[in-house]
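Asker: Okay, predicted coordinates and the sequence, questions at the end:
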Amino acid sequence: KKTSARSETGAIAVGIGKIIEKILPVHKNFPLVPSDCRFLAEPIDMIVFDGVSENKIKHITFLDVKTGNASLIGHQRQIRDAVNDHSVNWRTY
């Protein structure tokens, strides 16, 4: 029963997190311009093109929203590390 209760609590927390990540840009205390944010969902929550709403991009931010004690999972850490190591490319197809 303990495992079942923990699983249910975890599932609820994940569900709440999925809702929060979608509505966060419109929250009054959100520090970024909502129109600069592009929601991805997976593997990270959004990319922020700082300044795109003013037609002048200053920088690009990969953003993942976490609630409670949640932490980045494996592939999210790899994305963070690739960005931090400047292993990001541009490609036109």
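Answerer: Cool, the structure landed.
Asker: Next one: the residue nearest to Ile44 when sequence neighbours are not counted relative to Pro43, how far apart?
Answerer: Computed as CB to CB, 6 or more residues apart in numbering, the closest residue to Ile44 that is not its neighbour in sequence is Asp64, at 4.6 Å. Yep, even glycine has a C-beta here, placed from its N, CA and C like the rest. Asp64 is 9 Å from Pro43, where distance means CB to CB, to the nearest Å.
Asker: One more: Asn69?
Answerer: Between Asn69 and Pro43 the distance, using CB to CB, works out to 20 Å.
Asker: Same drill for those two, tell me which one is more crowded.
Answerer: Neighbours around Asn69 and Pro43, counted as other CB atoms under 10 Å, are more numerous at Pro43. The numbers are 14 against 6.
Asker: residues contacting the more buried one?
Answerer: Residues in contact with Pro43, defined by CB atoms under 8 Å, 6 or more residues apart in numbering, are His75, Gln76, Ile79.
Asker: 10 Å - rerun?
Answerer: Applying CB atoms under 10 Å, 6 or more residues apart in numbering, we find Pro43 in contact with Phe62, Asp64, Leu72, Ile73, Gly74, His75, Gln76, Gln78, Ile79.
Asker: any idea which element the last one lies in?
Answerer: Taking DSSP states H and E as the definition, Ile79 sits inside helix 74-84.
Asker: coming back round to it: list the residues that contact both of Asp64 and Pro43?
Answerer: By the contact definition CB under 10 Å, 6+ apart, Asp64 and Pro43 are jointly contacted by Leu72, Ile73, Gln76, Ile79.
Asker: Cheers, nothing more for now.
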